[in-house]
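> following is a predicted model, sequence given first.
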Amino acid sequence: MTSSRSSIHGEWSSRLAFVLAATGSAVGLGNIWKFPYITGENGGGAFVLVYLLCIACIGIPIMMAEVMLGRRGRQSPINTMRTLASEMGQSRYWCYLGWLGMLAGFLILSYYSVIAGWALAYVFRTGSGVFVNVTADGAASIFGRFIADPEKLLAWHTLFIVMTMFVVSRGVTQGLEKAVRLLMPALFVLLIILVGYAMNLGEFSQGIHFLFDFDFSRLTADSVLTAMGHAFFTLSLGMGAIMIYGSYLPKDASIAKTSITVALMDTVVALLAGMAIFPLVFANALEPGAGPGLIFQTLPIVFGHMPAGTFFGTLFFILLVFAAWTSAISLIEPTVAWLVENRGHSRIYAATVAGIITWLMGLLTVFSFNIGEDIKPLAFIAKFADSTMFDLLDYLTSNIMLPLGGLLMAIFVGWLMKKETSMAELDIHDHLHVGYRVWLFLVKFIAPLAVIIVFLEVTGIIDALASLF
Ligand code: TRP
């Protein structure tokens with residue numbers, strides 16, 4: 001039996017529209033900015049392998065669970081969880097899963113928008129030709145000077161928030177589809193061109209070895225957590241973004257096919273970005289672990305030297321801004337939908353309020369790169385001794401809040417939701433269906449256990465227990 005609820009916020013015009021919107025949400029700074037730099041910081045190959053495993057065994061099953069919850073509930077995550085919990089005879093406290101997601105959305109968007117602001121700034125820098133014939137040192141110092149200026153970061157952050165809230169206030173089921181349909185393929189083609197360029201560098205194979213040689217000695221509990229957290233981050237899982245998009249999904253669309261398509265596209269984009277960037281890093285004797293500035297310090301070098309580099313570079317950063325834009329929208333949509341449902345606000349009002357709050361929180365990140373770079377709020381914990389406010393926000397959201405949200409979703413769908421419900425949503429009529437059983441096994445056991453084990457490992461609890469024996 002499928003549910004006959006419909007969403008007051010509208011519905012995607014087709015299955016394809018959902019795939020486009022969900023891909024728009026998934027593909028973003030996470031793929032092009034974050035994946036390369038955290039791969040660099042965590043030593044490459046083995047980290048990439050753990051990340052891919054997490055996508056396959058945790059990410060895809062949880063994505064299906066999250067879409068399912070959304071389509072079943074047809075409301076903002078808070079109200080969806082409240083409705084479904086009461087239908088399943090479970091505690092009403094499940095609505096706090098929606099609250100956790102809403103908070104994570106604010107926190108992530110607050111720094112996401114600052115980094116998207118960097119990409120915006122780089123559209124104009126590349127366009128004005130400052131990178132023509134630039135050296136590696138030159139590109140690094142241009143970037144260094146840029147982030148040292150809080151006023152500039154603030155201005156670009158502000159612009160990006162305004163852009164995001166503008167689209168959100170008009171409703172995501174309109175307009176968004178068209179943008180994604182055109183721009184995502186363009187981004188894809190441009191990445192392939194960049195990889196092609198990297199292939200002609202002498203260091204291509206060194207870059208590929210760095211990405212795909214599995215050296216497990218470099219893997220620590222924390223890098224496993226980072227890989228897992230990034231699987232959630234890059235697929236937009238665990239906070240309700242995919243849930244709210246699922247709530248606009250037409251009833252007859254296949255949840256399994258759409259989820260797998262989105263995850264595949266997202267992964268391909270991330271790997272292409274890595275393949276374009278690491279050869280460059282080695283060709284210019286740069287440090288793979290350079291941190292959040294990695295793509296802003298490496299890509300300008302290519303654009304400064306390739307034929308028509310100013311054109312391609314400008315185009316690249318424009319597409320990166322669009323990728324970030326379609327992701328940012330999904331971070332705030334659950335909150336806006338909730339404000340409209342429960343407070344009866346207009347979308348414009350809801351988006352404005354959410355925008356102001358996010359803008360203010362973004363100041364923490366803006367200052368983390370300049371006047372506040374010495375503020376280390378958790379300096380008394382050895383592990384976080386060097387972490388700036390931005391580092392902590394990122395750690396808290398990607399490594400803790402998203403996996404926790406995903407864990408709870410997996411438990412709800414795997415253990416508390418009736419089997420008939422999940423079978424109906426997946427359009428499966430046979431208990432013995434192999435795909436269904438694999439999925440259920442992953443959602444019930446593998447995904448939750450993996451998250452719990454990684455959490456325990458990082459907190460040292462497993463080591464402490466092991467030392468007892
Ligand atoms: N997935 C996006 C990226 O890779 C970021 C993002 C959008 C996100 N919505 C999300 C991350 C929800 C976590 C949760 O850039």
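The structure has been received and is ready for your questions.

> quick one: contacts for the residue of the chain found nearest the ligand?
Of all residues in the chain, residue 30 sits closest to the ligand, at 2.1 Å by CB to the nearest ligand atom. For every residue, glycine as well, the C-beta is placed using N, CA and C. Applying CB atoms under 8 Å, 6 or more residues apart in numbering to residue 30 gives the contacts 230, 233-234, 270, 327.

> out of those, who's nearest residue 90?
residue 233 (27.6 Å; CB to CB).

> just give me the neighbour total for the closest one.
28 (other CB atoms under 10 Å).

> tell me if I'm right that it and residue 34 touch.
Yes. Contact criterion CB atoms under 8 Å: residue 233 and residue 34 qualify, at 7.1 Å.

> circling back to that earlier point, name the SS class of the residue of the chain closest to the ligand, please.
Taking DSSP: H, G, I helix; E, B strand; the rest coil as the rule, one finds residue 30 in the helix state.

> pLDDT score for it?
Per-residue pLDDT puts residue 30 at 97.

> could you pick out the residues of the stretch 1-150 of the chain near the ligand for me?
25-26, 28-31, 108 (CB under 6 Å from any ligand atom).

> and the stretch 151-300 of the chain, by the same measure?
Counting by CB under 6 Å from any ligand atom, the stretch 151-300 of the chain sits next to the ligand at 233-234, 236, 239, 241.

> low-confidence ranges in the chain?
Within the chain, the segments meeting pLDDT under 70 span 1-3, 175-179.

> chain center to the longest helix anywhere in the chain: distance?
In the chain, assigned by DSSP state H, the helix with the most residues is helix 309-343. Centre-to-centre, helix 309-343 and its host chain are 11 Å apart (CA atoms, centre = their mean, to the nearest Å).

> list the buried residues in the helix or strand just after it.
Downstream of helix 309-343, the first helix or strand assigned by DSSP states H and E is helix 347-368. Across helix 347-368, burial judged by 16 or more other CB atoms under 10 Å covers 347, 350-355, 358-359, 361-368.

> the residues you listed also near the ligand: which ones?
Okay, of the buried residues of helix 347-368, nothing touches the ligand (CB under 6 Å from any ligand atom).

> returning to what we had before: could you export the residues of the stretch 1-150 of the chain next to the ligand as JSON lines, including distance to residue 168?
As requested, these are exported to JSON lines (distance: CB to CB, whole Å):
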{"residue": "25", "distance to residue 168": "13"}
{"residue": "26", "distance to residue 168": "18"}
{"residue": "28", "distance to residue 168": "15"}
{"residue": "29", "distance to residue 168": "18"}
{"residue": "30", "distance to residue 168": "19"}
{"residue": "31", "distance to residue 168": "22"}
{"residue": "108", "distance to residue 168": "15"}
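
> of all those residues, which two lie farthest apart?
31 and 108 (14.8 Å).

> run a quick neighbour tally on the closest residue in space to residue 86 that isn't next to it in sequence.
Of all residues not flanking residue 86 in the chain, residue 92 sits nearest, at 6.6 Å (CB to CB, 6 or more residues apart in numbering). Number of residues near residue 92 (other CB under 10 Å) recorded here: 10.

> I'd assumed residue 85 was in contact with residue 92.
Yes. With contact defined as CB under 8 Å, residue 92 reaches residue 85; the gap is 6.0 Å.

> pretty sure residue 45 is touching residue 211, no?
Yes. Residue 45 is within contact range of residue 211, at 6.3 Å (criterion: CB under 8 Å).

> run the chain-centre distance for the helix or strand encompassing residue 440.
Per DSSP H and E: residue 440 is located in helix 434-441. Chain-centre distance of helix 434-441: 26 Å, with CA atoms, centre = their mean.

> list of residues touching the next helix or strand after it?
For helix 434-441, the succeeding helix or strand toward the C-terminus, using DSSP H and E, is helix 447-458. Contact with helix 447-458 is made by 54, 57-58, 61-62, 221-222, 224-225, 228, 403-404, 406-407, 410-411, 414, 462-463, as judged by CB under 8 Å, 6+ apart.

> between helix 434-441 and helix 447-458, find me the angle.
Helix 447-458 runs at 30 degrees relative to helix 434-441, counting by axes from the mean of the first three to the mean of the last three CA atoms, to 10 degrees.

> what's the angle from the helix or strand that helix 447-458 is followed by to helix 447-458?
For helix 447-458, the following helix or strand on the C-terminal side (DSSP H and E) is helix 461-468. On the basis of the same axes, to 10 degrees, helix 461-468 is oriented at 70 degrees to helix 447-458.

> can you list contacts of helix 461-468?
By CB under 8 Å, 6+ apart, helix 461-468 touches 453, 456-457.

> now, of the residues you listed, which are buried?
Buried among the contacts of helix 461-468 by 16+ other CB under 10 Å: residue 457.

> sorry, back to before: is the ligand within reach of the longest helix of the chain?
Yes. Helix 309-343 reaches the ligand (CB under 6 Å from any ligand atom) through 327, 330-331.

> measure residue 191 to residue 323 for me?
11 Å (CB to CB, to the nearest Å).

> give me the common contacts of those two.
With CB under 8 Å, 6+ apart as the test, residue 191 and residue 323 both reach residue 32.

> more crowded one of the two?
Between residue 191 and residue 323, counted using other CB under 10 Å, the more crowded position is residue 323 (27 against 22).

> which residue is the nearest non-sequential neighbour of the more buried one?
Using CB to CB, 6+ apart, the nearest residue to residue 323 is residue 28, at 4.9 Å.

> burial check on that neighbour, number of neighbours?
So residue 28, with other CB under 10 Å, has 29 neighbours.

> cool, and residue 252?
Neighbours around residue 252, by other CB under 10 Å: 9.

> with residue 343 instead?
When neighbours are counted by other CB under 10 Å, residue 343 comes out with 10.

> ok so, going back, the residue nearest to residue 323 contacts residue 322, correct?
No. Counting by CB under 8 Å, residue 28 stays clear of residue 322, with 9.4 Å between them.

> thanks a lot, see you next time.
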